[in-house]
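Peer 1: For reference, the sequence and a predicted model appear below.
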2 protein chains.
Amino acid sequence: MCSPRIMNFVNKELSRRNLFKMAIVGSAAAAAAASLPRASAQATMNQIDVSNVVDLSHRLHSGFPMWPGTASPEKETVVTVKDNGFYGNIWKIWEHTATHLDAPAHFIEGGTTADNIPIENFIAPIAVIDIEKKVEDNADATLDIEDIAAWESTNGLLPDRAVVMMYSGWEKRVNDADAFINTDSDEVMHFPGFNPEAAEFLVKERNITGIAVDTLSLDPGNSTTFGTHIAVLGAEKWGLENVANLKSIPEAGATLIVGVLKNKDASGGPVRLMAVWG
Amino acid sequence: MCSPRIMNFVNKELSRRNLFKMAIVGSAAAAAAASLPRASAQATMNQIDVSNVVDLSHRLHSGFPMWPGTASPEKETVVTVKDNGFYGNIWKIWEHTATHLDAPAHFIEGGTTADNIPIENFIAPIAVIDIEKKVEDNADATLDIEDIAAWESTNGLLPDRAVVMMYSGWEKRVNDADAFINTDSDEVMHFPGFNPEAAEFLVKERNITGIAVDTLSLDPGNSTTFGTHIAVLGAEKWGLENVANLKSIPEAGATLIVGVLKNKDASGGPVRLMAVWG
């Protein structure tokens, strides 16, 4: 037999492991916490335990590869420490620049805008699906239902509220805009994305929070119908494009944190993305 | 005696409780993880345990109170679902708008820019210091060394790597720009901030990651010398201004996550801020 002290500890820890309980979130948390003296709120809480963090964001700058026809970001330096005592810039940025989020409103009339997505949807368990091998032979390769099945055969069912992140190896081209956008002589782009059938599977057969790609688009570059965008955003999930460093995190078990700007009525926007684990 | 299985569990959990070990971070994590097969990385990891999340960001919009002389954000809608099949905007934003970060480079020649702050510095334990009572009688009230001492007498020494967040109640004025900026007939602003002596104390006598305020500036509105900015940014720490919802989180034990844009050479920028706890 164990001492009661140790059994209490074990039981508490096991109960604590209901990951992503999200019992109290967003404005509900605000209301609940505000009605308590701070000390009471504190007595029931546990500090989170983060030992590892990886930045999944590319640097946003004027040379970042852009979707054809969209404007590159512009920076205007308006004050400097030397001349004004402090330094700062004004930026002009298309919402879908560098590592960024697509909100449902990007494709769906009446869909949720970036500022209205519930805050708890910006913390989600990560599943990285690696399709780099098939992309080496075929820039038009897609993340298919079979790739999801392969991930699940190793890791078990996708976790509840997962973000499914496609790693295709494409980010290695990010400093060469032509190679990243990869347009052919007929102005058709070629880069990997989610097969719309896989996207449909995820929103219908699994409970996901969003999907992510290391390329310019949730759909493959040669798509003309944007079936993945429509399936995912139409189901009120979000998407992330131009994600970095997905080779550097485990394929299961990490947690994604999405720091998207809270711009009023935004269709999406640049993000600071982090993968964390204990 | 306990069974070996249970003792293993207890020992593993106790060791896991070295909060914010940050053993492997940022590019070091990338390098280390990339050199391992994903399965190995996974075998040594633990998913983080977040039960509560509160959004500490205000919505960014054209009517948000601005520092006098700086430009309000502008949104230009360039495509709509109805006319173009998808919706999106271009934003023009001064870096120090709405809830935002000041990087060391904002005041310090050669200081670190927002894109070069190490990613692990964007996850930090929170200490909320509540000075609302004295602000009710005096809009020029400051967070003083005595207020830090009072927090520590209740909660113990500030945790290593803390972000010290001033709650003054000022955010209640955020939808009334004149009341939030609070300029008198001599063009002097009146709102609370950190006393520069308290800022000096924090960077010299404690190990902080940054400070935060629910007002327009780290310094009080009537400051002409910006001693708090200079102390904090000069010590290569960051600051956060116009923070929301600090009344809704415990004064100790929560963790801050700072989602600041990774704009090249930025002096700071709008952020998505979250407080999380288990």
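Peer 2: Nice, thanks for sending it over.
Peer 1: show me where chain A has helices.
Peer 2: A:4-16, A:26-34, A:38-43, A:81-84, A:132-137, A:145-155, A:177-181, A:196-205, A:227-234 (DSSP state H).
Peer 1: beta partners of A:Thr255?
Peer 2: Beta-bridge partners for A:Thr255, by DSSP bridges, are A:Pro125, A:Val276.
Peer 1: likewise A:Ile208?
Peer 2: A:Ala162.
Peer 1: Tell me which residue in chain A sits closest to chain B.
Peer 2: A:Gly259 (1.3 Å; CB to the nearest CB). C-beta coordinates here come from the backbone N, C-alpha and C atoms, glycine included.
Peer 1: neighbours of that residue, just the number please.
Peer 2: A:Gly259: 26 surrounding residues under other CB atoms under 10 Å in any protein chain shown.
Peer 1: and A:Tyr167, what does it touch?
Peer 2: A:128-132, A:214, A:246-247 (CB atoms under 8 Å, 6 or more residues apart in numbering or on different chains).
Peer 1: Quick check: the closest residue to it other than its chain neighbours vs A:Pro220, distance?
Peer 2: Counting by CB to CB, 6 or more residues apart in numbering or on different chains, A:Tyr167 lies nearest to A:Leu246, which is 3.9 Å off, once chain neighbours are set aside. Per CB to CB, to the nearest Å, A:Leu246 is found 17 Å from A:Pro220.
Peer 1: Does A:Thr112 touch A:Leu101 like I think?
Peer 2: No. Using CB atoms under 8 Å, A:Thr112 is not in contact with A:Leu101; the gap is 11.4 Å.
Peer 1: ok so, going back, could you check how far the nearest residue to the residue of chain A closest to chain B once chain neighbours are set aside is from B:Glu241?
Peer 2: Leaving aside its sequence neighbours, A:Gly259 sits nearest to B:Gly259 (CB to CB, 6+ apart; 1.3 Å). For B:Gly259, the distance to B:Glu241 (CB to CB) stands at 15 Å.
Peer 1: With A:Ile90 instead?
Peer 2: 17 Å.
Peer 1: if you count what's nearby, which of these two comes out ahead?
Peer 2: Neighbours were counted for A:Ile90 and for B:Glu241 using other CB under 10 Å; B:Glu241 has more, 23 against 19.
Peer 1: circling back to that earlier point, pLDDT and neighbour count for the contacts of A:Tyr167 - can I get that in CSV?
Peer 2: Shown next, in CSV, are those (pLDDT from 0 to 100; neighbours: other CB atoms under 10 Å in any protein chain shown):
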residue, pLDDT, neighbour count
A:Val128, 98, 24
A:Ile129, 98, 23
A:Asp130, 98, 20
A:Ile131, 98, 20
A:Glu132, 98, 17
A:Asp214, 98, 29
A:Leu246, 98, 24
A:Lys247, 97, 17
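Peer 1: Of those, which belong to strands?
Peer 2: Members of the contacts of A:Tyr167 lying in strands (criterion: DSSP state E): A:128-130.
Peer 1: What residues of stretch A:119-127 count as buried?
Peer 2: A:119-127 (16 or more other CB atoms under 10 Å in any protein chain shown).
Peer 1: residues contacting the residue nearest to A:Tyr167?
Peer 2: A:56, A:128, A:165-167, A:171, A:212, A:214.
Peer 1: nearest to B:Ile230, of those residues?
Peer 2: Taking CB to CB as the measure, B:Ile230 lies nearest A:Leu56 of the contacts of A:Leu246, at 33.3 Å.
Peer 1: Quickly note the distance from the residue nearest to that closest one when sequence neighbours are not counted to B:Arg272.
Peer 2: Once flanking residues are discounted, A:Leu56 sits nearest to A:Leu273: 3.8 Å by CB to CB, 6+ apart. Note on A:Leu273: its distance to B:Arg272, by CB to CB, is 11 Å.
Peer 1: which residues do those two both contact?
Peer 2: In contact with both A:Leu273 and B:Arg272: A:258-259, using CB under 8 Å, 6+ apart.
Peer 1: Report the contact partners of A:Ala177.
Peer 2: A:Ala177 sits in contact with A:63-66, where contact means CB under 8 Å, 6+ apart.
Peer 1: Model confidence score at it, please.
Peer 2: Predicted confidence (pLDDT) at A:Ala177: the value is 97.
Peer 1: Also A:Arg5?
Peer 2: 41.
Peer 1: cool, and A:Ala34?
Peer 2: At A:Ala34, the model reports a pLDDT of 45.
Peer 1: If you tally nearby residues, what's the number for A:Asp115?
Peer 2: 20.
Peer 1: Check the one 3 residues further on too.
Peer 2: For A:Pro118, the number of neighbouring residues by other CB under 10 Å comes to 14.
Peer 1: check contacts around the residue nearest the centre of chain A.
Peer 2: Central residue of chain A (CA atoms, centre = their mean): A:Leu240, 4.6 Å from the mean position. Counting by CB under 8 Å, 6+ apart, A:Leu240 touches A:99-102, A:163, A:165, A:210-213, A:258, A:271, A:273.
Peer 1: Rank the helices and strands of chain A by mean pLDDT and give me the bottom one.
Peer 2: strand A:24-25 (a mean of 33; mean pLDDT, DSSP states H and E).
Peer 1: how about the residues of the stretch 151-278 of chain A that lie near chain B?
Peer 2: A:245, A:247-255, A:257-272, A:274, A:276-278 (CB under 8 Å from any CB of the partner chain).
Peer 1: go with 7 Å
Peer 2: A:245, A:247-253, A:255, A:257, A:259-264, A:266-267, A:270-272, A:274, A:276-278 (CB under 7 Å from any CB of the partner chain).
Peer 1: Please narrow these to those residing in strands.
Peer 2: Reading strands off those with DSSP E, I get A:252-253, A:255, A:257, A:259-260, A:270-272, A:274, A:276-277.
Peer 1: Would you confirm that A:Gly253 contacts B:Ile48?
Peer 2: No. Proximity of A:Gly253 to B:Ile48 does not meet the contact threshold set by CB atoms under 7 Å, at 9.7 Å.
Peer 1: where do the contact lists of the two overlap?
Peer 2: By the contact definition CB atoms under 7 Å, 6 or more residues apart in numbering or on different chains, A:Gly253 and B:Ile48 are jointly contacted by A:Trp277.
Peer 1: which intervals of chain A have sub-threshold pLDDT?
Peer 2: Residue ranges of chain A with pLDDT under 70: A:1-45.
Peer 1: How many residues are close by A:Ser72?
Peer 2: 15.
Peer 1: got the contact list for it?
Peer 2: Per CB under 7 Å, 6+ apart, neighbours of A:Ser72: A:62, A:66.
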